[in-house]
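> Sequence and predicted structure, then a few things I'm wondering about:
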Amino acid sequence: MQYVLRYQVPSAKATAYRSWLLENDQALRDHAAEGWHYLGTWFTVRGFGEYAAESRWDLTGYEALGSGFGDEIAQRLLGEWFDMIDADAGMDATLLKSASEVDIFN
């Protein structure tokens, strides 16, 4: 299952945000909350997409949604992350399961 978060990044912070992501990639992976595995962040290109960036985590299951915010390093990283993005411009969170895993109810 994947948790996908789409959001805006102020153009004045985009270069610094990209550098921050590259510098903190391993820490984001190593210090994620229990059941969360950081997959990476993607930027939209050439004007495609409603949001500037998308971050993805693989979740072990629904129980991971209640596992907290990780250790102190993870919480520091989340604070820095929120300082870099434009949360006031809107965000979109999606929880996805693969076609082979999803239950369809009619």
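Yes, it's here.
> is it true that Y7 touches Y51?
Yes: taking contacts as Cβ atoms under 8 Å, Y7 lies within contact range of Y51: 5.7 Å. C-beta here means a position set from N, CA and C on the backbone, and glycine is covered the same way.
> Looking at those two now, which is surrounded by more residues?
Y7 (21 against 18; other Cβ atoms under 10 Å).
> List the buried residues of the helix or strand harbouring R29.
Mapping R29 onto the secondary structure by DSSP states H and E places it in helix 14-30. Within helix 14-30, the residues that qualify as buried are 17, 20-21, 24, 28, counting by 16 or more other Cβ atoms under 10 Å.
> packing partners for that helix?
With contacts defined as 3 or more Cβ pairs under 8 Å, 6 or more residues apart in numbering; DSSP states H and E, helix 14-30 has these neighbours: strand 36-43, helix 72-84.
> Tell me the buried residues in stretch 55-64?
Applying a neighbour-count criterion of 16+ other Cβ under 10 Å, the buried positions in stretch 55-64 are 55-57, 59, 64.
> ah, wrong one, I meant stretch 66-76
70, 74.
> surely S67 meets A32?
No: with contact taken as Cβ under 8 Å, S67 and A32 are classed as non-touching, separated by 9.4 Å.
> can you give me the angle the helix or strand containing E54 makes with helix 14-30?
Assigned by DSSP H and E, E54 falls within strand 53-59. Put simply, strand 53-59 runs at 0 degrees to helix 14-30, going by axes from the mean of the first three to the mean of the last three Cα atoms, to 10 degrees.
> what comes up buried for stretch 38-47?
38, 41.
> Mind listing residues that contact that stretch?
For stretch 38-47, the external contacting residues (Cβ atoms under 8 Å, 6 or more residues apart in numbering) are 2, 9, 14, 18, 21, 25, 28-29, 32, 51-58.
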